[in-house]
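Enquirer: structural data only, the sequence is not supplied:
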């Protein structure tokens, strides 16, 4: 997914972090709306606000701006860029929020039906990924079981073979 920042006429100090609808689209969960949401490094947001002071937004303390179809935030849910970036996925000129962090963001606003639906989509995607891990882990565990001459479980719960 290519995102063009050229209209901003600004060079980011650190690549911004894609969140919101476009991150949902990135993971193949749903189509995004028209705007593109980012959390950016604090100094980048402050510089952009200086450059575009008539496009500032403040949503319950989350501070940012909307210009050229881009919403660029210093925080979302009072969490900064640094709170999300470690587990993000790097693309050419931006990062993408991790599924686990996206899950958190959607959970924080799930009182709105749109975001509750998004939350369900993210959970389903994570369950699909975890289901693949389950197969790998059970195969790995089966190798251990096969190597034991005698095995007695204290407890075994899971799908029937």
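Expert: Arrived safely. These numbers come from a predicted model, not from an experiment.
Enquirer: average pLDDT for the longest helix anywhere in the chain?
Expert: Scanning the chain for the longest helix, with DSSP state H as the assignment, gives helix 113-147. Mean pLDDT, taken over the full extent of helix 113-147, equals 90.
Enquirer: give me the helices and strands touching that helix, please.
Expert: Helix 113-147 makes packing contacts with helix 20-26, helix 99-108 when contacts are defined by 3 or more C-beta pairs under 8 Å, 6 or more residues apart in numbering; DSSP states H and E. The way it works is simple: take the backbone N, C-alpha and C, and place the C-beta from them, glycine included.
Enquirer: compute the inter-axis angle for the worst-scoring helix or strand of the chain on mean pLDDT and helix 99-108.
Expert: Comparing every helix and strand of the chain by mean pLDDT, DSSP states H and E singles out helix 113-147 as the least confident one, with a mean of 90. The directions of helix 113-147 and helix 99-108 differ by 140 degrees, with axes from the mean of the first three to the mean of the last three C-alpha atoms, to 10 degrees as the criterion.
Enquirer: got the buried residues for helix 113-147?
Expert: Using 16 or more other C-beta atoms under 10 Å as the test for burial, helix 113-147 gives 118-119, 121-122, 125.
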